[in-house]
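Undergrad: Sequence and computational prediction follow.
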There are 2 protein chains.
Amino acid sequence: MTVVQDGKPHENVQASLHEVQELLRKAELVESLVHKQAMPRHELVESLVHKQNLAALQKKLDELHPADVAYILEALPLEQRLKVWDLVKAERDGEILLEVSDAVRETLIKHMDSEELLAAAETLDTDEIADLAPDLPKDVIEELLASLDVQNRARLQSALSYEEDRVGALMDFDMVPIREDVTLETALRYLRRLKELPDQTDKLFVVDRNNVLKGVLPLKRLLTEEPEQTVREVMAEDVVVFHPEDDAHEAAQAFERYDLVTAPVVDAQGHLIGRLTVDAVLDFIREESEAEKLNLAGLREEEDLFAPVWKSVQNRWTWLAINLVTAFVASRVIGLFEGTIEKLVALATLMPIVAGIGGNSGNQTITMIVRALALGQVQDTNARKLLWKELGVAVVNGLLWGSVIGLIAWWLYDNVALGLVMTAAMTLNLLLAATMGVLIPMVMYKLGRDPAVGSSVMITAITDSGGFFIFLGLATLFLL
Amino acid sequence: MTVVQDGKPHENVQASLHEVQELLRKAELVESLVHKQAMPRHELVESLVHKQNLAALQKKLDELHPADVAYILEALPLEQRLKVWDLVKAERDGEILLEVSDAVRETLIKHMDSEELLAAAETLDTDEIADLAPDLPKDVIEELLASLDVQNRARLQSALSYEEDRVGALMDFDMVPIREDVTLETALRYLRRLKELPDQTDKLFVVDRNNVLKGVLPLKRLLTEEPEQTVREVMAEDVVVFHPEDDAHEAAQAFERYDLVTAPVVDAQGHLIGRLTVDAVLDFIREESEAEKLNLAGLREEEDLFAPVWKSVQNRWTWLAINLVTAFVASRVIGLFEGTIEKLVALATLMPIVAGIGGNSGNQTITMIVRALALGQVQDTNARKLLWKELGVAVVNGLLWGSVIGLIAWWLYDNVALGLVMTAAMTLNLLLAATMGVLIPMVMYKLGRDPAVGSSVMITAITDSGGFFIFLGLATLFLL
């Protein structure tokens, strides 16, 4: 046997995807004979070629890591996806459901009956069932709860009680507790008797007889320290500890900052109740950053690539409706100046430039401030400093780009005053953008709202309406 | 001693920040006496109060984790930042420089002389020096190279030869190799002799006498299997292995997909040359997602919150210039129809709505497609399916929102034809947005360019110019 050279998982899984698609294509070719009535259906089922195709497909799927099967399911259109799903071994259903995106999971679960779902869920750990639970029908969850022992039922119920963005929803229960008064040698014997340690275990959690956390024993200390010493002598007492109600985003920051692999989760009395692992944190960080990107583009949630049109429309309409309202407001601002535009139609031509650059500049400022707020680096003491800096940048950019476009306007329309109004309007709109770019996220933050959500729409609305008003207003005053 | 309850690192570090700021304020209060000439400078230096202040500050800094000191440095304006930096113990300079953002690192390094930099770098591992190197002056790097032994010099030179987004730039050299023919008992004794294992070690790397990787021995197997067995019997042979020239983005995906903590890095001949750890991957993922967010908003790179205005202008001007050009093109499109607008000024009022909604909708499509491309889920076979779906969504949204705004336009201007043109223009612009939203990223991908960079600017440029052209063009044909 040789080492599997798996340095390019992406290429490997793509090759697998192509292979699956090829096998599916072959299977469909045979099936199409039935559709064309060139072959009766029962012959298809009996057909050797068809059987071989499906067997090859199944074999391929069996060889793949659950995450890779999930990837393939996501990349296939609904019909093919369900065909592949049927070929996946029932005992792997659970772990694969955990790996697929929410949207695709929905399509798979819809295709399974209660019995299949129950069987799939029963192959999973309690914390994994909790991850799956929001998508399961109520009756399946009730049956699941009934089938668990007291401890696991309590764990599942508690895991279900936490919001997605809490440590309690991310933690698992695979901790290995140990007493502080035993020697390392005893600890080593104890581990050997366990036969198997949970994945990602890099430390044991030291507890007293009441299950109160006393410290942690990193495996590397267990391996390098003298075996005669007691756990108490060797354990680390300065431990990063989480509570189930802690913000998962903060926990993720702690994992990054202190390079953690696992960390204990304790209740208010210090009892060890679970652990947080870096792979859960990694998934959380990825999901968080995906969600941010989708939100920025106005997609409510991750979309199944092959979702029906109507589902996609639902995912996208909120954002379009909000933008329609703000665009309409901006349009009414222009409406105020229809008399002015009628007299100088060049204004209609130039006004989108003022509004557009204002929006771009405002979004730059907001991105800076939102980031600084998320890192907790903005306080009342330096807020004024930040505002001054942004205003400074706005003045420089406004005069610079305003002059460029002002000169072009002068040259195009042979009208100096028009050029000057353009420059002035650009500078003023960038100042507006800078002020609002600092104020909007800071006010949202003070009000306890997430400054990352909606700030961008608001700044664009303001710089659009404001830009039109400033430019057309100045024009009305100075050009007519 | 008790367990440090550190569940809320964010709150803890913020409290530290406030404390540092308070101590700085006190120190500045005393210093201001010198400025006001109420006290001669030498008395300040001698002053007990001042000494106590600085000592308290230094003590506070000494207690903090390097990542937390870095956080505080980033949150302070330049002058205070340098004051704090001077108080940080020289032997901690290196690890803190590693933790601060690029922009802030620049301000700190500028403040240090070659000797200080050399001393700071010498406290670091070879892979850490490589991370710092791009910001160090050339003479410091040359002196560093000269001070290293042959193996470490070769490692540093090789690490420096990889781009930031390659595995070779992320890997470290803290691997623990072991032979396959020894027993677990021998392995355990060997580890105990080492006294110390590198952070994040979750497995040993099994190599032959030529340093060719044969497999890995997870610590948990070492701990649970019978000690009489040989490493060969117990080791895992299906290992995820990376090469230094592998794409770091793909490596990060592999870490997520296969829940890795560490993985060996081998050269083309299979020789073990380094390892990749989950904390390096976590940092990479965070930086990547930060860079994406900044790019989306048109910020070239992470900005020091307290950067001088001129530096910020440089960071932002490219994006503004590009947008100015696209806005100017759109403006010239409007210019073509000035005659039409003169006759029906309502067109000027309504046109930004058509352009704006087109831009929003196009960005939704592009975000979807860029994501699917990044995951490798789009191929020629399903590209047409995707395009049809997006066109379907565009028709529904166009007719829906186009009718809403068409009805409003009819009501506002008492002009049915204007309302109909509005609806038609909206639908057509959304169809344009959908087509381009699918085509732009796919063509960029085929041309080997990153579809995430610039797609958004292009789609907005097209839907702006296109929207104006479609709306004003239809109006010219049907309303005059």
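TA: Done, it's in. Numbers count the residues shown, from 1 in each chain, chains lettered A, B, ... in the order given.

Undergrad: buried ones in the one helix or strand A:L418 maps to?
TA: Element membership for A:L418 (DSSP states H and E) is helix A:416-446. For helix A:416-446, burial by neighbour count (16 or more other CB atoms under 10 Å in any protein chain shown) applies to A:418-442, A:444-445. Backbone N, C-alpha and C define where each C-beta goes, glycine included.

Undergrad: packing partners for it?
TA: Counting contacts by 3 or more CB pairs under 8 Å, 6 or more residues apart in numbering or on different chains; DSSP states H and E, helix A:416-446 is packed against helix A:346-374, helix A:380-413, helix A:455-479.

Undergrad: now that helix, how far from the chain's geometric center?
TA: Computed by CA atoms, centre = their mean, to the nearest Å, the chain-centroid distance of helix A:416-446 equals 32 Å.

Undergrad: now stretch A:72-83
TA: Using CA atoms, centre = their mean, the offset of stretch A:72-83 from its chain centre is 22 Å.

Undergrad: ok, back up a step: ok, which of the helices and strands packed on helix A:416-446 comes nearest B:Q314?
TA: helix A:380-413 (10.1 Å; CB to CB).

Undergrad: quick one, that closest one and helix A:346-374 angle?
TA: Orientation of helix A:380-413 against helix A:346-374 (axes from the mean of the first three to the mean of the last three CA atoms, to 10 degrees) gives an angle of 160 degrees.

Undergrad: Surely A:S161 touches A:A154?
TA: No - in this structure, A:S161 is not within contact of A:A154 by CB atoms under 8 Å, at 10.7 Å.

Undergrad: Which helix or which strand is home to A:V216?
TA: Here A:V216 sits within strand A:213-218, counting by DSSP H and E.

Undergrad: Oops, could you answer that again for A:N53 instead?
TA: Element membership for A:N53, per DSSP H and E: helix A:48-63.

Undergrad: Name the residues that touch that helix?
TA: A:16, A:19-20, A:23-24, A:26-27, A:30-31, A:44, A:69, A:84, A:87-89 (CB atoms under 8 Å, 6 or more residues apart in numbering or on different chains).

Undergrad: What average pLDDT does stretch A:51-71 get?
TA: The average of the pLDDT scores along stretch A:51-71 is 89.

Undergrad: what's the answer for stretch A:208-228, then?
TA: Mean pLDDT, stretch A:208-228: 93.

Undergrad: how about that stretch, does it reach chain B?
TA: Yes - residues of stretch A:208-228 contacting chain B under CB under 8 Å from any CB of the partner chain: A:213-215, A:219-220, A:222-226.

Undergrad: got it, and stretch A:175-183?
TA: No - against chain B, stretch A:175-183 shows no contacts by CB under 8 Å from any CB, the least distance being 9.8 Å.

Undergrad: Of all the residues in that stretch, which ones are buried?
TA: Those buried within stretch A:175-183 under the rule 16+ other CB under 10 Å are A:175-176, A:178-180, A:183.

Undergrad: Buried ones in the helix holding A:N53, by neighbour count?
TA: A:50, A:53-54, A:56-58, A:60-61.

Undergrad: domain parsing for chain A?
TA: Under the assignment automatic domain parsing, the domains of chain A span A:9-170, A:177-279, A:309-479.

Undergrad: what sits against the nearest residue to A:L432 once chain neighbours are set aside?
TA: Nearest non-adjacent residue to A:L432, counting by CB to CB, 6 or more residues apart in numbering or on different chains: A:G466, 4.9 Å away. Each residue near A:G466 by CB under 8 Å, 6+ apart is listed here: A:358, A:429, A:432.

Undergrad: A:W410 too?
TA: Contact analysis of A:W410 by CB under 8 Å, 6+ apart lists A:416, A:418-419.

Undergrad: any idea how far it is from chain B?
TA: 14 Å (CB to the nearest CB, to the nearest Å).

Undergrad: With A:V457 instead?
TA: A:V457 is 9 Å from chain B, by CB to the nearest CB.

Undergrad: so the spatially most central residue of chain A, which of the three states?
TA: The structure's chain A has its C-alpha centroid closest to A:E287; by CA atoms, centre = their mean the separation is 2.2 Å. Here A:E287 is recorded as helix under DSSP: H, G, I helix; E, B strand; the rest coil.

Undergrad: For stretch A:401-419, buried residues please.
TA: For stretch A:401-419, by 16+ other CB under 10 Å, it's A:401-406, A:408-410, A:412-413, A:415, A:418-419.

Undergrad: make that stretch A:469-479, sorry
TA: Buried residues in stretch A:469-479, defined by neighbour count with 16+ other CB under 10 Å: A:469-476, A:479.

Undergrad: With distance to B:R257 and pLDDT as extra columns, can I get those in a markdown table?
TA: Formatted as a markdown table, the buried residues of stretch A:469-479 follow (distance: CB to CB, whole Å; pLDDT from 0 to 100):
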| residue | distance to B:R257 | pLDDT |
| --- | --- | --- |
| A:F469 | 52 | 97 |
| A:I470 | 51 | 97 |
| A:F471 | 52 | 97 |
| A:L472 | 55 | 97 |
| A:G473 | 56 | 97 |
| A:L474 | 57 | 97 |
| A:A475 | 58 | 97 |
| A:T476 | 61 | 96 |
| A:L479 | 62 | 92 |
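
Undergrad: so which of the residues you listed are also by chain B?
TA: Among the buried residues of stretch A:469-479, chain B is touched by none when using CB under 8 Å from any CB.
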